[in-house]
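Colleague: Got a sequence here, can you model it:
(chains A and B)
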Amino acid sequence: MYWHELGSMDPFASVRALQRQMNRLFDGYGAEEREAFPAVNLWSNAEEVIVQAEVPGVDPKDVEISVQGDQLTLQGERKADESPENVVCSRAERGSGRFTRSFRLPFEVDNTKASARCANGVLTVTLPRTETSKPRKIAIAAD
Amino acid sequence: MTTPSKDLQPQKKESAGGIELAQDRPVFLPPTDIYERDDGVLVVCDMPGVDEKHVDVTLEDDVLTLTGSQQVQEPEGHELLHRGHWPGVFRRSFTLTTEVDREKIKARIRHGVLEVVLPKAKETQPKRIKVETE
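Modeller: Numbers count the residues shown, from 1 in each chain, chains lettered A, B, ... in the order given. Model prediction:
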């Protein structure tokens, strides 16, 4: 299910969802569905993990990032549009509500050195690897 | 909120399919909310990673087109473990059947969400809309 179509009032939402899927399929950008909100990209190298999440319309103050060992959790809330009186909603595709996503990282990260920033609705979290989880070279003593 | 009005109809062709882009970037249809009131129309569109310099709102004849180009730096020298989104271009067009006051259209982008306010009026002339940020 598309996250942003939960609570949609549009009877054609599923038709368009299918159309989008077909577009994606033929665009060659993967046949899989758009993933849960927020969509996340994860990168790592030997030193750190970088997480990039698309959180449009989410106030950075409403996002909570927690790290424990090798587990990262993103939680937050996307507030619904204000809908005053006498307003007709012609289209509602953007969802709202609370979200939670958890990821198991390839190694333990140091939660005291983690940093996060949010720009234009994209959250970037950098999580450095703990010293203890880094591989250690063991010198072989020659006789 | 009541039932959808007939004033705002999606264009039959919602994607940029058929028209090729000069750049090799995927084009996405951003999720959009549209609200209508007696005095105007509000279009709210998700465009994460788009700043005010890379968003374009045009109204030509009765076709409103919203285009935003993502400006997200992907880390280099890292291995990709999981991909849930691709960098690309958001584009969506709507046909307005409501007469809009082209001089008073306002657009702003905040936290990756584009909001366009189109006050209702009579005159009809093509016009480019300047996008503001906070």
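Colleague: ok, the residue in chain A that chain B sits nearest to - how many residues close by?
Modeller: Proximity of chain A to chain B (Cβ to the nearest Cβ) peaks at A:Gly121, 1.9 Å away. Where C-beta positions appear, they are placed from N, C-alpha and C, glycine not excepted. Residues contacting A:Gly121 under the criterion other Cβ atoms under 10 Å in any protein chain shown number 25.
Colleague: which SS class is B:Lys53?
Modeller: Using DSSP: H, G, I helix; E, B strand; the rest coil, the structure places B:Lys53 in helix.
Colleague: Now do stretch B:62-76: everything it contacts.
Modeller: A:41, A:43, A:50, A:52, A:120, A:122, B:11, B:25, B:30, B:32, B:43, B:45, B:47-51, B:54-59, B:87-97, B:109, B:114, B:116, B:118, B:124 (Cβ atoms under 8 Å, 6 or more residues apart in numbering or on different chains).
Colleague: Quick check: ChimeraX command selecting the buried ones in the residues you listed.
Modeller: A single ChimeraX command selects the buried members of the contacts of stretch B:62-76 (16 or more other Cβ atoms under 10 Å in any protein chain shown):
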select /A:41,43,50,52,120,122 /B:30,32,43,45,47,48,49,50,51,54,55,57,59,88,89,90,91,92,93,94,96,109,114,116,118
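Colleague: Filter the contacts of stretch B:62-76 down to just the ones in helices.
Modeller: Residues of these located in helices (DSSP state H): none.
Colleague: Now do the same contact list for B:Leu114.
Modeller: B:43-47, B:50, B:55, B:57, B:66, B:68, B:107-108, B:131.
Colleague: Recalculate using a threshold of 6 Å.
Modeller: By Cβ atoms under 6 Å, 6 or more residues apart in numbering or on different chains, the contact list for B:Leu114 reads B:Cys45, B:Met47.
Colleague: Report the contact partners of the residue lying closest to the residue of chain A closest to chain B once chain neighbours are set aside.
Modeller: Closest residue in space to A:Gly121, ignoring its immediate chain neighbours: B:Gly112 at 1.9 Å, by Cβ to Cβ, 6 or more residues apart in numbering or on different chains. B:Gly112 is in contact with A:Pro56, A:Asn120, A:Gly121, B:Met47, B:Pro48, counting by Cβ under 6 Å, 6+ apart.
Colleague: Contact partners for the last one?
Modeller: By that I understand B:Pro48. A:Glu54, A:Pro56, A:Gly121, A:Val122, B:Gly112.
Colleague: Which single one of those residues is nearest to A:Val87?
Modeller: Proximity of the contacts of B:Pro48 to A:Val87 (Cβ to Cβ) peaks at A:Pro56, which lies at 21.2 Å.
Colleague: does that closest one really touch B:Cys45, like I thought?
Modeller: No: here A:Pro56 lies out of contact with B:Cys45, judged by Cβ atoms under 6 Å, at a distance of 8.9 Å.
Colleague: Could you tell me which residues touch both of those two?
Modeller: Joint contacts of A:Pro56 and B:Cys45 (Cβ under 6 Å, 6+ apart) do not exist.
Colleague: Tell me how far stretch A:103-123 lies from the chain's centre.
Modeller: Distance of stretch A:103-123 from the chain centroid (Cα atoms, centre = their mean, to the nearest Å) equals 11 Å.
Colleague: contact partners of it?
Modeller: Around stretch A:103-123, the neighbours that count as contacts under Cβ under 6 Å, 6+ apart are A:44, A:49, A:53-56, A:60, A:65, A:67, A:69-72, A:124-130, A:133, B:48-49, B:51, B:72, B:111-112.
Colleague: for it, what is the average pLDDT?
Modeller: For stretch A:103-123, the mean per-residue pLDDT is 91.
Colleague: Give me the buried positions along that stretch.
Modeller: Quick answer for stretch A:103-123 (16+ other Cβ under 10 Å): A:Leu105, A:Phe107, A:Glu108, A:Val109, A:Ala114, A:Cys118, A:Ala119, A:Asn120, A:Gly121, A:Val122, A:Leu123.
Colleague: which two in the residues you listed are spaced the farthest apart?
Modeller: Across the buried residues of stretch A:103-123 (Cβ to Cβ), the longest gap, 30.7 Å, separates A:Glu108 and A:Asn120.
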